[in-house]
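S.K.: Prediction below, plus the sequence it came from.
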Amino acid sequence: MRAIRLLLCWMFALIATICASIDAAYLWSLVKFFLHPPGPLDPTLVLRDLAVPAVFSALAFTFGKAWWTILREKSSARGWGIAASLLHTAAMLFGVAADRWIPHKHGFHAPLTDAILLIATGVVGLVVFSIPYKRPDLSGKAQETAPITGDGTSKFMNKTSGVWGVALSFGLYDWMLRWYRAKGFPIHQGGLHINLLTILLTALLMTFVHEFGHSAAGMALGMKLRAFVVGPFQWRVESGQWKFQFQLMAILQGGGATGIVAPSADFARRRFVWMFAAGPLANLVTGALALGIAFTAAAASPVQAGGLLALFGVFSLAGFAANLVPFKTKAKYSDGAKIYQLLSGGAWGDYHTAIAMAGSSVVSPLRPKGYDIAVIQRAVAGIRQGTEGLLLRLLAYQCYLDRNQLNDAEWALREAARVYEESASGVQAELLTVFVFGYACILRDAAEAHKWWGRMESKKPARFNVDYWRAKSALCWIEGNLDEANEAWAKAADAAMKLPHAGAYEFDRDLCGLLLYEIEASAAGQQLPLAAVGAMP
């Protein structure tokens, strides 16, 4: 249901934009009319003309308010969603009726399939927003897009990035259409469902070019590709093997991602700058090339493809401009923000170095104990909140644990827990397995381990890998359920043995050995001191 509400939310945003555009154009024509009237003004006609922008202003406000409240998950979102869906359905029904009875004046003038699609969308909105739904837990959500000191972003840009990104894309699209019409070029005019599909496929192609730019540049610089995501098409390395997933609902989120890691811990920082810049530059080059061909080719040339080439061009240029602006959306930074952070140095430069070290541990012999802890500590001191602050403290925890510095490991884990509760509760479920294992096996705190397991389960984990089963085994062990602990441990050990030979995975196998030591000691009724990581086979 939440995915459907999100889809309707962006449909309301589009309708609000259209209504506001019509309103602005009509008001401008009225201003010009009143400044230079052709003759005496009829008060009745003036009131009628003023009623039109008033209606469109009310529509733009209603749909815009519905979009904003649903997007921000406000308590009033349900009421505004019902109001917008009701207006939408009524307007579509009126349009179809007018087309049936007054076909040459005020009709809907749309294919039957489009009319059915639009009416069905309004009915779905009425049903979805009429059903009471539990408002999600917003603890920590307010800080998901809050700027962190020195990250190069601002609160205004973080909050409005989606709005001006869409506005820029459709502004360039409108400019393209005007240019085509002025030149007399033929433009493909399909039904609404065809046009929406065309825009979606064009956006996916633009995203593919962007992510391919990142990937190609990174691999050319010696990095290793670990993930490639374009909308619903997702390739990732999980447990050392490439896996493909098609997630239809990811279409609603849009965008893509590239996971690429350094082959060694001393990888030059400037190479990451080039890798991050390659995505927007790929959009700039392909967008300029597409527009250049579209604007110089003959109107009837097949390369025009009814305006599709120019559509790809303007979307690509919009993507180039938007990605170079430093901003943060939830836990994701734009390429411009990452480039700024790398070039500015300081705590953020250290953060990217720390993340690069962790990445290299999955493709090289580097273990957590080999991390440069001084770099991590400097970054921890400067970044005290958000997902980034959480990740840094977990890296410190792994480093200390692998070095058998248990007091420091305990401090780092508790610090990570504090950051999670204050400002990073939106992280994925799989990351919480670290807390379950740490509180159970390292801190020996059954209550906290159980609490973190509950948090993880509430997020509905999708990957049942070595981390999941090891965490479950540790929880069962600390709660005294040794049979279940052994069963879960066997699954964790089996998954661990299948992992490639790399530093991070050797650490995983050693943690499984540590847990086995504790389980066997409990089964024998012994109270033994905590074993050193790596001491068990």
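M.R.: Nice, I can see it. Predicted model, so just to flag it, every value in this text is computed and none were measured. Residues are numbered from 1 along each chain as shown.
S.K.: Tell me how many other residues crowd A24.
M.R.: When neighbours are counted by other Cβ atoms under 10 Å, A24 registers 14. C-beta: built from backbone N, CA, C; applies to glycine.
S.K.: Look at it and report its pLDDT.
M.R.: For A24, the pLDDT comes out at 81.
S.K.: Same check on Y133?
M.R.: pLDDT, Y133: 69.
S.K.: D49 now?
M.R.: D49 is given a pLDDT of 65.
S.K.: The one 10 residues further on now?
M.R.: Per-residue confidence at L59 stands at 85 (pLDDT).
S.K.: tell me which element it is part of?
M.R.: helix 43-71 (DSSP states H and E).
S.K.: What are the buried residues along that helix?
M.R.: For helix 43-71, the neighbour count (16 or more other Cβ atoms under 10 Å) marks 49, 53, 56-57, 59-60, 62-71 as buried.
S.K.: With stretch 210-227 instead?
M.R.: 210-218, 221, 223-227.
S.K.: got it, and stretch 227-247?
M.R.: 227-231, 233-234, 236-237, 239.
S.K.: Closest one of these to L87?
M.R.: Closest approach between the buried residues of stretch 227-247 and L87, by Cβ to Cβ: G231, at 30.1 Å.
S.K.: Roughly how far does the closest one sit from S161?
M.R.: G231 is 18 Å from S161, where distance means Cβ to Cβ, to the nearest Å.
S.K.: looking at the chain, which helix or strand is least sure?
M.R.: Least confident helix or strand, the chain: helix 250-253 with a mean of 66, by mean pLDDT, DSSP states H and E.
S.K.: need the next SSE after it, C-terminal direction.
M.R.: As assigned by DSSP H and E, the chain's next helix or strand after helix 250-253 is strand 256-261.
S.K.: And the contacts of that following strand?
M.R.: Applying Cβ atoms under 8 Å, 6 or more residues apart in numbering, the external contacts of strand 256-261 come out as 207-208, 210-211, 214-215, 218-219, 223-231, 236-237, 275, 279, 356, 359-360, 362-363.
S.K.: what mean pLDDT does it have?
M.R.: 92.
S.K.: try stretch 483-498
M.R.: On average, stretch 483-498 scores 95.
S.K.: same check, this time on stretch 197-204
M.R.: Stretch 197-204 comes out at a mean pLDDT of 81.
S.K.: what's the farthest-apart pair in the buried residues of stretch 210-227?
M.R.: Farthest pair in the buried residues of stretch 210-227 (Cβ to Cβ) is H210 and K224. Separation: 19.6 Å.
S.K.: which intervals of the stretch 301-450 of the chain have sub-threshold pLDDT?
M.R.: 306, 331 (pLDDT under 70).
S.K.: Okay, strands next: where are they in it?
M.R.: For the stretch 301-450 of the chain, the strands defined by DSSP state E, counting those that start in this stretch occupy 328-329, 332-333.
S.K.: right, so those strands: which one is the most enclosed?
M.R.: strand 328-329 (a mean of 21; mean count of other Cβ atoms under 10 Å).
S.K.: Check what contacts it and list those residues.
M.R.: So strand 328-329 is contacted by 145, 147, 151, 153, 158, 161-162, 334, 337 (Cβ under 8 Å, 6+ apart).
S.K.: backbone phi and psi for the spatially closest residue to I4 that is not a sequence neighbour, please?
M.R.: Nearest non-adjacent residue to I4, counting by Cβ to Cβ, 6 or more residues apart in numbering: V128, 5.3 Å away. V128 adopts backbone torsions of phi -60, psi -40, taken as degrees, to the nearest 10.
S.K.: Can you give me the neighbour number for V128?
M.R.: Number of residues near V128 (other Cβ under 10 Å) recorded here: 19.
S.K.: you'd agree it is up against I82?
M.R.: No: counting by Cβ atoms under 8 Å, I82 is not a contact partner of V128; they are 9.3 Å apart.
S.K.: Let me know the secondary structure of T153.
M.R.: Following DSSP: H, G, I helix; E, B strand; the rest coil, T153 is assigned to coil.
S.K.: What about it? Give its phi and psi, please.
M.R.: Backbone geometry at T153, expressed as degrees, to the nearest 10, gives phi -110, psi 170.
S.K.: how close does A290 get to A502?
M.R.: Distance from A290 to A502, counting by Cβ to Cβ: 41 Å.
S.K.: Which positions in the strand or helix carrying L516 come out as buried?
M.R.: Taking DSSP H and E as the definition, L516 sits inside helix 503-523. For helix 503-523, the neighbour count (16+ other Cβ under 10 Å) marks 503-519, 522 as buried.
S.K.: And stretch 169-176, by the same measure?
M.R.: 169-170, 172-173, 176.
S.K.: coming back round to it: helices or strands up against the helix holding L59?
M.R.: With contacts defined as 3 or more Cβ pairs under 8 Å, 6 or more residues apart in numbering; DSSP states H and E, helix 43-71 has these neighbours: helix 2-35, helix 77-101.
S.K.: quick one, helices of the stretch 401-537 of the chain?
M.R.: With helices called from DSSP state H, counting those that start in this stretch, the stretch 401-537 of the chain shows them at 406-423, 433-437, 446-458, 466-478, 482-497, 503-523.
S.K.: Centre of the chain to the third one, how far?
M.R.: By that I understand helix 446-458. Its chain's C-alpha centre and that of helix 446-458 lie 26 Å apart, by Cα atoms, centre = their mean, to the nearest Å.
S.K.: Summarise which helices and strands it is packed against.
M.R.: Helix 446-458 is packed against helix 433-437, helix 466-478, with contacts defined by 3+ Cβ pairs under 8 Å, 6+ apart.
S.K.: Now the shortest one - C-alpha only, PDB.
M.R.: Taking C-alpha atoms only, helix 433-437 is exported to PDB below (Å, rounded to 0.1, in the frame of the first residue of the first chain):
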ATOM      1  CA  THR A 433      22.900  -8.100  12.700                       C
ATOM      2  CA  VAL A 434      26.200  -6.500  13.900                       C
ATOM      3  CA  PHE A 435      24.500  -5.200  17.000                       C
ATOM      4  CA  VAL A 436      22.700  -8.500  17.800                       C
ATOM      5  CA  PHE A 437      26.000 -10.400  17.600                       C
END
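S.K.: about what we covered before: could the helices and strands packed on helix 446-458 be laid out in CSV, adding distance to D445?
M.R.: Formatted as CSV, those follow (distance: least, Cβ to Cβ, whole Å):
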stretch, distance to D445
helix 433-437, 10
helix 466-478, 8
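S.K.: A462 is in contact with A429, correct?
M.R.: Yes: taking Cβ under 8 Å as the definition, A429 is a contact partner of A462 at 7.5 Å.
S.K.: Comparing the two, which residue is more hemmed in?
M.R.: The neighbour comparison of A429 against A462 (other Cβ under 10 Å) goes to A429, with 16 against 11.
S.K.: Show me where the stretch 101-250 of the chain has its helices.
M.R.: Going by DSSP H, counting those that start in this stretch, the stretch 101-250 of the chain shows helices at 112-130, 155-183, 192-220, 250-253.
S.K.: G454: which of the ones you listed is closest?
M.R.: helix 250-253 (26.5 Å).
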